[in-house]
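*Asks:* from the sequence below, what's the structure:
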Amino acid sequence: MSSNDVQEAESRIRWTHSSKGVCFVCDALTNVSRTRLPVPDFSDDDYTCIRSLAFRLDSGELTLDDLSWKAGVKVTRERRLASAAVYAFTEAEWARVADDEDEDEQCDVMNDNALLLLSLNLDDRGNPLRPK
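*Replies:* Residues are numbered from 1 along each chain as shown. The predicted structure follows:
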């Protein structure tokens, strides 16, 4: 299977987890990994890691709590990578529709982005993983 075949197959992944938030985070992580969306300070290993995180999250091996920031909880590599990738994804999605005249599409992206940011507590101003 060629690299393009793998990328095309990954773009059609149907997540099995019952949580909508988990499925959205999995989509964002695999999209960033597949497209190599620019994320500050990311290496090839980081892109591979976030892809793995998505599949582990979908399988139940990880939970959103394992990837989201909470006050007093250790900042792990997984939390740092997932937060950076999801934030980059939300920024790219908003940039994609910002100048679009389709208000429905803009509202959909705004709602999807809100769910993603809430899922990893990136809306919390005290979150050190939240970009400035």
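*Asks:* and the longest helix belonging to the chain, what's its mean pLDDT?
*Replies:* Secondary structure of the chain per DSSP state H: the longest helix is helix 77-97. What helix 77-97 shows for mean pLDDT is 96.
*Asks:* and whichever helix or strand comes after it, what does it pack against?
*Replies:* Downstream of helix 77-97, the first helix or strand assigned by DSSP states H and E is helix 103-119. If contacts are counted by 3 or more Cβ pairs under 8 Å, 6 or more residues apart in numbering; DSSP states H and E, helix 103-119 sits against helix 20-35, helix 77-97. Using the backbone N, CA and C atoms, a C-beta is placed for each residue, glycine as well.
*Asks:* just want the angle from helix 103-119 to helix 77-97.
*Replies:* Counting by axes from the mean of the first three to the mean of the last three Cα atoms, to 10 degrees, helix 103-119 lies at 170 degrees to helix 77-97.
*Asks:* just to revisit the earlier point, got a list of contacts for the longest helix of the chain?
*Replies:* Helix 77-97 is contacted by residues 25, 28-29, 31-33, 37-42, 46, 49-50, 53, 62, 66-69, 105-106, 109-110, 112-113, 116-117, 119-120, 122, 127, 129-131 when judged by Cβ atoms under 8 Å, 6 or more residues apart in numbering.
*Asks:* which among those residues count as buried?
*Replies:* Using 16 or more other Cβ atoms under 10 Å as the burial test, the contacts of helix 77-97 include 25, 28-29, 31-33, 37, 39, 42, 46, 49-50, 53, 62, 67-69, 106, 109, 112-113, 116-117, 119-120, 122, 127, 129-130 as buried.
*Asks:* quick one: buried residues of stretch 82-97?
*Replies:* Quick answer for stretch 82-97 (16+ other Cβ under 10 Å): 82-90, 92-93, 97.
*Asks:* where does this structure dip in pLDDT?
*Replies:* 1-12, 132 (pLDDT under 70).
*Asks:* how does it look with 50?
*Replies:* Applying pLDDT under 50 to the chain flags residues 1-7, 9.
*Asks:* quick one: contacts for Ala54?
*Replies:* 25-27, 29-30, 33.
*Asks:* can you tell me how far it is from Ala82?
*Replies:* Distance check for Ala54 against Ala82: by Cβ to Cβ, to the nearest Å, it reads 9 Å.
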